[in-house]
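[1] could you work out the structure for the sequence below:
(chains A and B)
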Amino acid sequence: MADRDTNAIRDMGSFYQRDRAWHPPAFTPQYKTSVLRSPQHALLSLEGTVSEMTGPRFGHGLLGPLDNDLIRNFAKDSEPIGQRIVVHGRVLDENARPVSGALLEFWQANAGGRYRHKKEAYLAPLDPNFGGCGRTVTDDDGRYWFRTIKPGAYPWPNGVNDWRPAHIHFSIFGHAFTQRLITQMYFEGDPMIWQCPIVSTIPDRAAVEQLIAALDRNNTLPMDALAYKFDIVLRGRRSTAFENRMEGN
Amino acid sequence: MVQKLDMLKETASQTAGPYVHIGLTPNWCGIGGVYPEDLGRVMVGPKAKGERIAVAGRVLDGSGTPLKDALIEIWQADAAGLHNSPLERRGVADPHFTGWGRQPTDGATGEFRFETIKPGRVPYKDGRLQAPHITFWIVARGINIGLHTRMYFADEEAANAECPVLARVEHKVRVPTLIAPRAEGGAGPVYTFDIRLQGEKETVFFDI
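    Predicted coordinates:
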């Protein structure tokens, strides 16, 4: 109970200001679609109210047994083609505390770089056994994992010859709506990361490097799947307990 | 050299891209059988308290063209002004209302529609009441970091006039970008909220 009380108090503080210089700006002309979709006025700064400092919570009861296994959750008569991988890591806040109960949703192309979507026009074939979506909820230590196949790179209409590096899209719910985040995970050692107009919307190289999952030989599934480690950091909040309760903060 | 602050940097945002529906509304985009239903599709249970309303609109780019590949999430209080969240400290929200919705904009028309209830008032940090509002979060191809805004209700003139958040909009000519007009439809009241990403009537977006 003591820990729970500490958590309750800790959860009351306001969130740290988002570092907008670390995130991509709205207007990034090398990524052409952003030109007409980027607000031009300054954002109105608003210290969070209870409307943003609360948020929906999704329990483990939401999950089906195959939700974190993209190799099997859409498979029809066989398993999908491609390099089998595990992706795992922790969801932390800016205070380096684990975020438990965070809902993670992911989506990706198949091994050939093709998405299962009616607006997708790339000539690479669909894989009848691969849907491309999954989800999970972090445990008490903020840990998550899922199994999938490594997505392929693919060309996209921006420049006449632009290619996306292999990536997995992540959507993350923390505890407060103000922590809501969508990002993309890239793979260690991929030279295409540094040629991508979408990656390059992020101004700071260190912020890009934080999106690159490390090959993690110690967490492979032996004789099954390679492993990549990808930690995610959500916004942190002040501890209002600091004035009257020094321990545990 | 000085000591290090033991702080991590928030993971940087990347665009949701054109295929965000695969991950967030897979049943809607034809990937059936993975999840029983898309999260956030139904907000209101049969026993939910409050006035049933619909919120509909479009997300328009700088040329006035509706986005046909956007995804919108909303978050709001229940009819009594309480959030269905473990972080809600002021009371217990209506268990028959989730407060959270997720909808894509239509692939042909660009329209979105939420079936929800009209929220009650929620206090500002100093205790003054905010006007009833719905928090919006918009992602899409070409949006590098999700956009936060709010929808207010045109029939709440008195509350809107004293809302401490609306009062913070310096250029009063922009306040109407946050206020949705009400129409009485056959299926109940509909509030229309068009979100303009750019242009003369660019919606006010928040850094929260």
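[2] OK, contacts around the closest residue to B:L129 other than its chain neighbours?
    Nearest-residue entry for B:L129: B:R121, 4.5 Å, with adjacent residues in sequence omitted and distances by Cβ to Cβ, 6 or more residues apart in numbering or on different chains. For the C-beta atoms, the positions are set from N, CA and C on the backbone; glycine is no exception. B:R121 makes contact with B:A77, B:G81, B:L129, B:Q130, B:A131, B:P132, B:A159, according to Cβ atoms under 8 Å, 6 or more residues apart in numbering or on different chains.
[3] in helices only, show me those.
    Of those, the ones assigned to helices by DSSP state H are B:A159.
[4] hmm, back to that, now the residue nearest to B:L129, what's its secondary structure?
    Classification of B:R121 using DSSP: H, G, I helix; E, B strand; the rest coil returns coil.
[5] look up how far B:R90 lies from it.
    Distance, B:R121 to B:R90, using Cβ to Cβ, to the nearest Å: 12 Å.
[6] strands along chain B, start to end?
    For chain B, applying DSSP state E gives strands covering B:52-60, B:71-75, B:100-104, B:111-117, B:133-139, B:147-153, B:179-180, B:182-185, B:188-192, B:195-196, B:206-207.
[7] now for chain B, the helix or strand with the poorest mean pLDDT.
    Among the helices and strands of chain B, strand B:182-185 carries the lowest confidence by mean pLDDT, DSSP states H and E, at a mean of 91.
[8] isn't B:P26 right next to B:Y35, touching?
    Yes. With contact defined as Cβ atoms under 8 Å, B:P26 reaches B:Y35; the gap is 6.3 Å.
[9] neighbour-wise, which of these two wins?
    B:P26 (27 against 20; other Cβ atoms under 10 Å in any protein chain shown).
[10] so, low pLDDT: which residues of chain A?
    Applying pLDDT under 70 to chain A flags residues A:1-12, A:240-249.
[11] which ones are touching residue 66?
    Assuming you mean chain A. Per Cβ under 8 Å, 6+ apart, neighbours of A:L66: A:R72, A:N73, B:V34.
[12] I was thinking of chain B, sorry if that wasn't clear
    Counted by Cβ under 8 Å, 6+ apart, B:P66 has contacts B:R58, B:V59, B:L60, B:T105, B:T109, B:G110, B:E111.
[13] which residues does it bridge with?
    Legend: beta-bridge partners of B:P66 under DSSP bridges are B:L60.
[14] picking that back up, so which of the contacts of B:P66 is the most crowded?
    That'd be B:V59 among those, by other Cβ under 10 Å, with 28 neighbours.
[15] next up, the contacts around that one.
    B:V59 touches B:P66, B:L67, B:A70, B:I72, B:T105, B:G110, B:F112, B:I138, B:A140, B:D194, B:I195, B:L197, counting by Cβ under 8 Å, 6+ apart.
[16] pick the one among the residues you listed closest to A:F58.
    B:I72 (18.2 Å; Cβ to Cβ).
[17] what's opposite the closest one in the beta bridge?
    Residues in a beta bridge with B:I72, per DSSP bridges, are B:Q103, B:I138.
[18] ditto for A:H167
    A:Y186.
[19] isn't it right next to A:T183, touching?
    No. If you go by Cβ under 8 Å, A:H167 and A:T183 don't touch, sitting 9.6 Å apart.
[20] neighbour count for those two, which is higher?
    Using other Cβ under 10 Å, the more surrounded residue of A:H167 and A:T183 is A:H167, with 27 against 24.
[21] all the strands of chain A, residue numbers only.
    A:44-45, A:84-93, A:103-107, A:133-137, A:143-149, A:154-156, A:162-164, A:167-173, A:181-187, A:212-215, A:226-229, A:232-234.
[22] so how far is stretch B:179-196 from its chain's centroid?
    Remark: stretch B:179-196 is offset 14 Å from the chain centroid, using Cα atoms, centre = their mean, to the nearest Å.
[23] contacts for it, please.
    For stretch B:179-196, contacts defined as Cβ under 8 Å, 6+ apart pick out B:51-60, B:136, B:138, B:149, B:151-155, B:160, B:177, B:202-203.
[24] again with stretch B:78-97
    Taking Cβ under 8 Å, 6+ apart as the rule, stretch B:78-97 contacts A:11-12, A:50-51, A:53-57, A:175-176, B:43-51, B:75-77, B:98-100, B:117-123.
[25] just give me the neighbour total for A:F187.
    As a burial measure, A:F187 scores 21 neighbours (other Cβ under 10 Å).
[26] thought it was touching A:A213?
    Yes. At 6.0 Å, A:F187 counts as touching A:A213 under the criterion of Cβ under 8 Å.
[27] pull up the overlap in contacts between the two.
    Common contacts of A:F187 and A:A213, defined by Cβ under 8 Å, 6+ apart, comprise A:Y228.
[28] who's B:D207 bridged to?
    When bridges are called by DSSP bridges, B:D207 pairs up with A:S45.
[29] where's it relative to A:E52, distance?
    11 Å.
[30] okay, those two: which has more neighbours?
    Counted by other Cβ under 10 Å, B:D207 and A:E52 do not tie: A:E52 has more neighbours, with 22 against 13.
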